[in-house]
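Engineer: sequence first, then the predicted structure, then my questions.
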Amino acid sequence: MDAEWAEASSFIERNTPANTSKSRQSAWRAFREFCGSRLCDIVVSSTMLVMFVRYLVQDRQLTATTVRSYCYQLGAHFAPPGSNPHLSMVVQQALRAASSLGPVVSRRKLPATAQHLRLVLRDHLQHSGDFVHLRAALVWCLGFLGFLRQSELVALDLDSVWVDTVTSKDGASRDAVFVLVRKSKCDQEQKGHTVVLAAGEQAAFDPVSILLDYLTVRNNRRLMAPQRALFTTAVAPFNRVGRDFPNKTVKNDLQHLGVADWRSYGSHSLRRGGASESWRQGISEVVLRRHGRWKSDAIFLYLVPSDAELAEVSSTLLA
(Lines give C-alpha, C1' and ligand atoms only; values in the text may rest on other atoms or scores of the structure.)
Protein backbone atom coordinates (compact mmCIF):
# COMPACT_ATOMS: atom_id res chain seq x y z
CA MET A 1 0.00 0.00 0.00
CA ASP A 2 2.80 2.43 0.88
CA ALA A 3 4.48 1.82 -2.49
CA GLU A 4 1.22 2.40 -4.34
CA TRP A 5 0.61 5.59 -2.39
CA ALA A 6 4.11 6.88 -3.15
CA GLU A 7 3.71 6.07 -6.83
CA ALA A 8 0.32 7.82 -6.98
CA SER A 9 1.70 10.89 -5.19
CA SER A 10 4.64 11.03 -7.58
CA PHE A 11 2.28 10.76 -10.57
CA ILE A 12 0.17 13.66 -9.30
CA GLU A 13 3.24 15.81 -8.68
CA ARG A 14 4.60 15.17 -12.17
CA ASN A 15 1.29 16.02 -13.82
CA THR A 16 0.32 19.02 -11.71
CA PRO A 17 -0.22 22.10 -13.92
CA ALA A 18 2.41 24.79 -13.56
CA ASN A 19 -0.08 27.37 -12.32
CA THR A 20 -1.21 25.02 -9.51
CA SER A 21 2.39 24.44 -8.42
CA LYS A 22 2.99 28.19 -8.32
CA SER A 23 -0.11 28.65 -6.15
CA ARG A 24 1.22 26.11 -3.65
CA GLN A 25 4.59 27.83 -3.57
CA SER A 26 2.96 31.22 -3.00
CA ALA A 27 0.88 29.90 -0.10
CA TRP A 28 3.82 28.28 1.65
CA ARG A 29 6.08 31.29 1.05
CA ALA A 30 3.50 33.63 2.58
CA PHE A 31 2.98 31.26 5.53
CA ARG A 32 6.72 30.97 6.19
CA GLU A 33 7.11 34.76 6.10
CA PHE A 34 4.18 35.11 8.49
CA CYS A 35 5.67 32.63 10.96
CA GLY A 36 9.10 34.20 10.68
CA SER A 37 7.77 37.70 11.35
CA ARG A 38 6.24 36.40 14.61
CA LEU A 39 9.20 34.21 15.52
CA CYS A 40 6.98 31.11 15.48
CA ASP A 41 7.79 27.58 14.39
CA ILE A 42 6.48 26.69 10.94
CA VAL A 43 3.75 24.34 12.14
CA VAL A 44 0.35 24.17 10.48
CA SER A 45 -2.26 23.96 13.23
CA SER A 46 -5.75 25.30 13.77
CA THR A 47 -4.47 28.24 15.79
CA MET A 48 -1.66 29.16 13.39
CA LEU A 49 -3.86 28.89 10.32
CA VAL A 50 -6.57 31.07 11.87
CA MET A 51 -3.95 33.69 12.82
CA PHE A 52 -2.53 33.47 9.29
CA VAL A 53 -5.97 34.00 7.72
CA ARG A 54 -6.64 37.03 9.91
CA TYR A 55 -3.29 38.44 8.78
CA LEU A 56 -4.17 37.87 5.12
CA VAL A 57 -7.53 39.60 5.48
CA GLN A 58 -6.71 42.46 7.85
CA ASP A 59 -3.11 43.33 7.02
CA ARG A 60 -2.65 42.27 3.41
CA GLN A 61 -6.31 42.77 2.42
CA LEU A 62 -6.25 39.86 -0.01
CA THR A 63 -9.38 38.88 -1.88
CA ALA A 64 -11.64 36.14 -0.57
CA THR A 65 -10.68 33.88 -3.48
CA THR A 66 -6.97 34.17 -2.67
CA VAL A 67 -7.55 33.54 1.05
CA ARG A 68 -9.55 30.39 0.31
CA SER A 69 -6.89 29.20 -2.11
CA TYR A 70 -4.14 29.69 0.49
CA CYS A 71 -6.16 27.72 3.07
CA TYR A 72 -6.76 24.83 0.69
CA GLN A 73 -3.14 24.71 -0.43
CA LEU A 74 -1.87 24.66 3.14
CA GLY A 75 -4.55 22.17 4.16
CA ALA A 76 -3.45 19.77 1.43
CA HIS A 77 -0.11 19.33 3.21
CA PHE A 78 -1.51 18.02 6.48
CA ALA A 79 -4.81 16.40 5.45
CA PRO A 80 -4.97 12.67 6.27
CA PRO A 81 -4.19 10.38 3.31
CA GLY A 82 -7.17 9.91 1.07
CA SER A 83 -9.17 12.78 2.61
CA ASN A 84 -10.38 15.96 0.96
CA PRO A 85 -8.30 18.96 2.19
CA HIS A 86 -11.24 21.27 1.41
CA LEU A 87 -13.26 19.48 4.13
CA SER A 88 -10.47 19.44 6.70
CA MET A 89 -11.55 20.71 10.14
CA VAL A 90 -8.52 23.01 10.32
CA VAL A 91 -9.32 24.58 6.95
CA GLN A 92 -12.97 25.05 7.83
CA GLN A 93 -12.05 26.77 11.10
CA ALA A 94 -9.74 29.14 9.24
CA LEU A 95 -12.41 29.97 6.67
CA ARG A 96 -14.94 30.69 9.42
CA ALA A 97 -12.42 33.03 11.01
CA ALA A 98 -12.04 34.86 7.72
CA SER A 99 -15.80 35.21 7.22
CA SER A 100 -16.23 36.59 10.75
CA LEU A 101 -14.01 39.54 9.85
CA GLY A 102 -16.54 40.82 7.32
CA PRO A 103 -16.17 41.38 3.58
CA VAL A 104 -12.70 41.58 2.15
CA VAL A 105 -11.74 44.95 0.72
CA SER A 106 -12.05 44.93 -3.06
CA ARG A 107 -8.83 45.48 -4.96
CA ARG A 108 -10.30 45.78 -8.42
CA LYS A 109 -8.28 48.30 -10.41
CA LEU A 110 -9.76 51.47 -11.82
CA PRO A 111 -10.21 51.48 -15.60
CA ALA A 112 -7.79 53.52 -17.67
CA THR A 113 -9.33 56.03 -20.04
CA ALA A 114 -8.80 56.96 -23.67
CA GLN A 115 -7.37 60.26 -22.40
CA HIS A 116 -4.79 58.34 -20.36
CA LEU A 117 -3.86 56.37 -23.49
CA ARG A 118 -3.42 59.48 -25.62
CA LEU A 119 -1.32 61.31 -23.02
CA VAL A 120 0.91 58.30 -22.34
CA LEU A 121 1.50 57.59 -26.03
CA ARG A 122 2.24 61.23 -26.76
CA ASP A 123 4.78 61.28 -23.95
CA HIS A 124 6.55 58.07 -24.98
CA LEU A 125 6.56 58.70 -28.73
CA GLN A 126 8.36 62.00 -28.26
CA HIS A 127 11.46 59.86 -27.65
CA SER A 128 11.88 58.57 -31.19
CA GLY A 129 13.98 55.43 -31.50
CA ASP A 130 14.20 54.85 -27.73
CA PHE A 131 13.72 51.19 -26.84
CA VAL A 132 12.28 51.72 -23.34
CA HIS A 133 9.71 54.30 -24.45
CA LEU A 134 8.61 52.34 -27.52
CA ARG A 135 8.27 49.20 -25.41
CA ALA A 136 6.00 51.01 -22.94
CA ALA A 137 3.94 52.52 -25.76
CA LEU A 138 3.40 49.07 -27.28
CA VAL A 139 2.31 47.66 -23.90
CA TRP A 140 -0.36 50.35 -23.67
CA CYS A 141 -1.51 49.74 -27.25
CA LEU A 142 -1.84 45.99 -26.91
CA GLY A 143 -3.30 46.13 -23.41
CA PHE A 144 -5.82 48.91 -23.98
CA LEU A 145 -6.77 48.32 -27.61
CA GLY A 146 -6.48 44.52 -27.51
CA PHE A 147 -7.87 43.97 -23.99
CA LEU A 148 -4.82 41.82 -23.20
CA ARG A 149 -4.21 40.60 -19.67
CA GLN A 150 -0.82 41.03 -18.01
CA SER A 151 0.05 37.32 -18.39
CA GLU A 152 -0.91 37.43 -22.06
CA LEU A 153 1.30 40.46 -22.72
CA VAL A 154 4.35 38.93 -21.06
CA ALA A 155 3.90 35.59 -22.87
CA LEU A 156 3.87 37.12 -26.37
CA ASP A 157 6.63 36.01 -28.74
CA LEU A 158 7.94 37.65 -31.89
CA ASP A 159 5.89 35.35 -34.08
CA SER A 160 2.77 36.22 -32.08
CA VAL A 161 2.45 39.63 -33.77
CA TRP A 162 2.45 40.61 -37.41
CA VAL A 163 1.05 43.23 -39.80
CA ASP A 164 -1.47 42.42 -42.51
CA THR A 165 -4.28 44.18 -44.36
CA VAL A 166 -7.95 44.18 -43.48
CA THR A 167 -10.85 45.28 -45.70
CA SER A 168 -13.52 47.53 -44.26
CA LYS A 169 -17.24 47.48 -45.13
CA ASP A 170 -16.76 50.10 -47.83
CA GLY A 171 -14.08 48.01 -49.54
CA ALA A 172 -11.11 50.10 -48.43
CA SER A 173 -7.98 48.29 -47.27
CA ARG A 174 -5.75 49.31 -44.39
CA ASP A 175 -2.91 47.83 -42.38
CA ALA A 176 -3.65 46.24 -39.02
CA VAL A 177 -1.75 44.53 -36.21
CA PHE A 178 -2.63 40.88 -35.66
CA VAL A 179 -1.91 39.43 -32.22
CA LEU A 180 -2.05 35.69 -31.58
CA VAL A 181 -2.81 35.03 -27.91
CA ARG A 182 -1.56 31.48 -27.41
CA LYS A 183 -1.83 31.31 -23.61
CA SER A 184 -4.86 32.64 -21.80
CA LYS A 185 -6.65 31.85 -18.54
CA CYS A 186 -9.91 31.38 -20.48
CA ASP A 187 -8.28 29.11 -23.09
CA GLN A 188 -7.29 26.03 -21.13
CA GLU A 189 -7.03 23.96 -24.30
CA GLN A 190 -4.65 26.56 -25.76
CA LYS A 191 -6.40 26.77 -29.10
CA GLY A 192 -5.28 30.36 -29.42
CA HIS A 193 -7.17 33.54 -30.28
CA THR A 194 -6.32 36.27 -32.78
CA VAL A 195 -6.87 39.94 -31.91
CA VAL A 196 -6.91 42.57 -34.66
CA LEU A 197 -5.90 46.19 -34.01
CA ALA A 198 -6.16 49.03 -36.52
CA ALA A 199 -6.43 52.82 -36.45
CA GLY A 200 -8.94 55.02 -38.22
CA GLU A 201 -7.98 57.70 -40.72
CA GLN A 202 -8.30 60.49 -38.15
CA ALA A 203 -6.52 58.66 -35.31
CA ALA A 204 -3.67 60.49 -33.61
CA PHE A 205 -1.70 57.25 -33.12
CA ASP A 206 -1.34 54.10 -35.19
CA PRO A 207 -0.62 50.73 -33.51
CA VAL A 208 0.98 49.50 -36.75
CA SER A 209 3.60 52.26 -36.69
CA ILE A 210 4.27 51.77 -32.98
CA LEU A 211 4.79 48.02 -33.44
CA LEU A 212 7.07 48.41 -36.46
CA ASP A 213 9.16 51.13 -34.77
CA TYR A 214 9.55 48.97 -31.67
CA LEU A 215 10.54 45.89 -33.67
CA THR A 216 13.11 47.90 -35.62
CA VAL A 217 14.79 49.15 -32.45
CA ARG A 218 14.46 45.79 -30.71
CA ASN A 219 15.93 43.71 -33.53
CA ASN A 220 18.88 46.05 -34.07
CA ARG A 221 20.21 45.40 -30.60
CA ARG A 222 23.17 43.09 -30.12
CA LEU A 223 22.60 39.57 -28.79
CA MET A 224 18.88 39.90 -29.50
CA ALA A 225 18.67 37.31 -32.28
CA PRO A 226 18.18 34.18 -30.09
CA GLN A 227 15.46 35.76 -27.93
CA ARG A 228 11.91 34.82 -28.94
CA ALA A 229 10.09 37.08 -26.48
CA LEU A 230 8.40 40.18 -27.84
CA PHE A 231 8.97 42.19 -24.67
CA THR A 232 12.53 41.92 -23.34
CA THR A 233 14.59 43.66 -20.71
CA ALA A 234 16.51 46.79 -21.67
CA VAL A 235 19.93 45.35 -20.77
CA ALA A 236 21.80 42.21 -21.78
CA PRO A 237 21.15 39.31 -21.89
CA PHE A 238 17.74 40.72 -22.94
CA ASN A 239 15.57 38.13 -21.23
CA ARG A 240 11.78 38.12 -21.29
CA VAL A 241 10.37 40.80 -19.00
CA GLY A 242 9.07 39.80 -15.59
CA ARG A 243 5.45 38.87 -14.99
CA ASP A 244 4.68 42.19 -13.29
CA PHE A 245 6.31 44.39 -15.95
CA PRO A 246 3.02 45.63 -17.52
CA ASN A 247 1.66 46.47 -14.07
CA LYS A 248 4.73 48.54 -13.18
CA THR A 249 4.62 50.23 -16.58
CA VAL A 250 1.04 51.43 -16.11
CA LYS A 251 1.65 52.68 -12.57
CA ASN A 252 4.88 54.48 -13.50
CA ASP A 253 3.32 56.14 -16.54
CA LEU A 254 0.26 57.39 -14.66
CA GLN A 255 2.40 58.61 -11.78
CA HIS A 256 4.53 60.49 -14.31
CA LEU A 257 1.37 62.08 -15.73
CA GLY A 258 0.48 63.32 -12.27
CA VAL A 259 -2.60 61.13 -11.78
CA ALA A 260 -3.41 61.51 -8.07
CA ASP A 261 -4.65 57.97 -7.43
CA TRP A 262 -2.14 56.21 -9.69
CA ARG A 263 -1.76 53.41 -7.13
CA SER A 264 -5.37 52.39 -7.88
CA TYR A 265 -4.40 51.48 -11.44
CA GLY A 266 -2.53 48.50 -12.81
CA SER A 267 -2.13 46.35 -15.90
CA HIS A 268 -5.75 45.18 -15.66
CA SER A 269 -6.80 48.83 -15.90
CA LEU A 270 -5.93 48.63 -19.60
CA ARG A 271 -8.30 45.71 -20.19
CA ARG A 272 -11.11 47.29 -18.15
CA GLY A 273 -10.57 50.70 -19.71
CA GLY A 274 -10.44 49.46 -23.28
CA ALA A 275 -13.62 47.44 -22.84
CA SER A 276 -15.48 50.32 -21.16
CA GLU A 277 -14.44 52.88 -23.78
CA SER A 278 -15.43 50.55 -26.62
CA TRP A 279 -18.82 49.92 -25.02
CA ARG A 280 -19.42 53.68 -24.70
CA GLN A 281 -18.62 54.07 -28.40
CA GLY A 282 -21.39 51.64 -29.29
CA ILE A 283 -19.43 48.46 -29.99
CA SER A 284 -21.80 45.50 -29.63
CA GLU A 285 -21.52 43.03 -26.78
CA VAL A 286 -20.98 40.19 -29.27
CA VAL A 287 -17.92 41.90 -30.74
CA LEU A 288 -16.61 42.85 -27.30
CA ARG A 289 -16.90 39.26 -26.08
CA ARG A 290 -15.01 38.01 -29.10
CA HIS A 291 -12.34 40.71 -28.92
CA GLY A 292 -11.81 40.31 -25.17
CA ARG A 293 -12.11 36.52 -25.16
CA TRP A 294 -14.92 36.46 -22.55
CA LYS A 295 -16.96 33.27 -22.38
CA SER A 296 -19.08 34.23 -19.37
CA ASP A 297 -20.96 37.20 -17.95
CA ALA A 298 -17.70 38.37 -16.37
CA ILE A 299 -17.60 40.88 -19.22
CA PHE A 300 -20.05 43.05 -17.27
CA LEU A 301 -17.45 43.53 -14.54
CA TYR A 302 -15.35 45.35 -17.13
CA LEU A 303 -18.02 47.66 -18.55
CA VAL A 304 -17.88 50.65 -16.22
CA PRO A 305 -20.44 53.41 -16.94
CA SER A 306 -19.44 56.99 -16.21
CA ASP A 307 -21.24 59.17 -13.66
CA ALA A 308 -22.90 61.07 -16.51
CA GLU A 309 -24.23 57.84 -17.99
CA LEU A 310 -25.57 56.72 -14.60
CA ALA A 311 -27.30 60.08 -14.22
CA GLU A 312 -29.12 59.45 -17.49
CA VAL A 313 -31.22 56.77 -15.73
CA SER A 314 -32.95 59.23 -13.42
CA SER A 315 -33.01 61.95 -16.09
CA THR A 316 -34.90 59.64 -18.43
CA LEU A 317 -37.42 58.76 -15.74
CA LEU A 318 -38.02 62.43 -14.93
CA ALA A 319 -38.32 63.53 -18.57
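Structural biologist: Yep, it's here.

Engineer: which parts of this structure are strands?
Structural biologist: 161-167, 173-181, 193-197 (DSSP state E).

Engineer: pick the most buried one from these.
Structural biologist: strand 173-181 (a mean of 18; mean count of other C-beta atoms under 10 Å). Where C-beta positions appear, they are placed from N, C-alpha and C, glycine not excepted.

Engineer: partners of it in the sheet?
Structural biologist: The strands beside strand 173-181 in its sheet (DSSP bridges) come out as strand 161-167 (antiparallel), strand 193-197 (antiparallel).

Engineer: avg pLDDT for that strand?
Structural biologist: Across strand 173-181, the average pLDDT comes to 93.

Engineer: now the strands paired with strand 173-181 as TSV including mean pLDDT and distance to Glu33?
Structural biologist: Formatted as TSV, the strands paired with strand 173-181 follow (pLDDT from 0 to 100; distance: least, C-beta to C-beta, whole Å):
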stretch	mean pLDDT	distance to Glu33
strand 161-167	93	38
strand 193-197	92	37
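
Engineer: adding distance to Ile299, write those out as a markdown table.
Structural biologist: Shown next, in a markdown table, are the strands paired with strand 173-181 (distance: least, C-beta to C-beta, whole Å):
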| stretch | distance to Ile299 |
| --- | --- |
| strand 161-167 | 24 |
| strand 193-197 | 15 |
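
Engineer: out of those, which is closest to Pro237?
Structural biologist: strand 161-167 (21.9 Å; C-beta to C-beta).

Engineer: the closest one: how far from the chain's middle?
Structural biologist: 25 Å (C-alpha atoms, centre = their mean, to the nearest Å).

Engineer: could you pull up the residues touching the closest residue to Glu309 other than its chain neighbours?
Structural biologist: Distances taken as C-beta to C-beta, 6 or more residues apart in numbering place Arg280 nearest to Glu309, at 7.4 Å, with adjacent residues excluded. Shown in contact with Arg280 (C-beta atoms under 8 Å, 6 or more residues apart in numbering): Pro305, Ser306, Glu309.

Engineer: next step: these restricted to helices.
Structural biologist: Counting by DSSP state H, the part of the contacts of Arg280 found in helices is Glu309.

Engineer: quick check, nearest of the contacts of Arg280 to Asp253?
Structural biologist: Among the contacts of Arg280, and counting by C-beta to C-beta, the member closest to Asp253 is Ser306, at 21.9 Å.

Engineer: please report how far the closest residue to that closest one other than its chain neighbours lies from Asp297.
Structural biologist: Nearest residue to Ser306, sequence neighbours excluded (C-beta to C-beta, 6+ apart): Arg280, at 7.4 Å. Separation of Arg280 from Asp297 (C-beta to C-beta, to the nearest Å) stands at 19 Å.

Engineer: tabulate the strands of the chain (a markdown table), appending distance to Asp59.
Structural biologist: Listed next are these as a markdown table, based on distance: least, C-beta to C-beta, whole Å:
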| stretch | distance to Asp59 |
| --- | --- |
| strand 161-167 | 41 |
| strand 173-181 | 36 |
| strand 193-197 | 38 |
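
Engineer: between those strands, which gets nearest to Asp244?
Structural biologist: Minimum separation from Asp244 across the strands of the chain (C-beta to C-beta) falls at strand 173-181, 18.9 Å.
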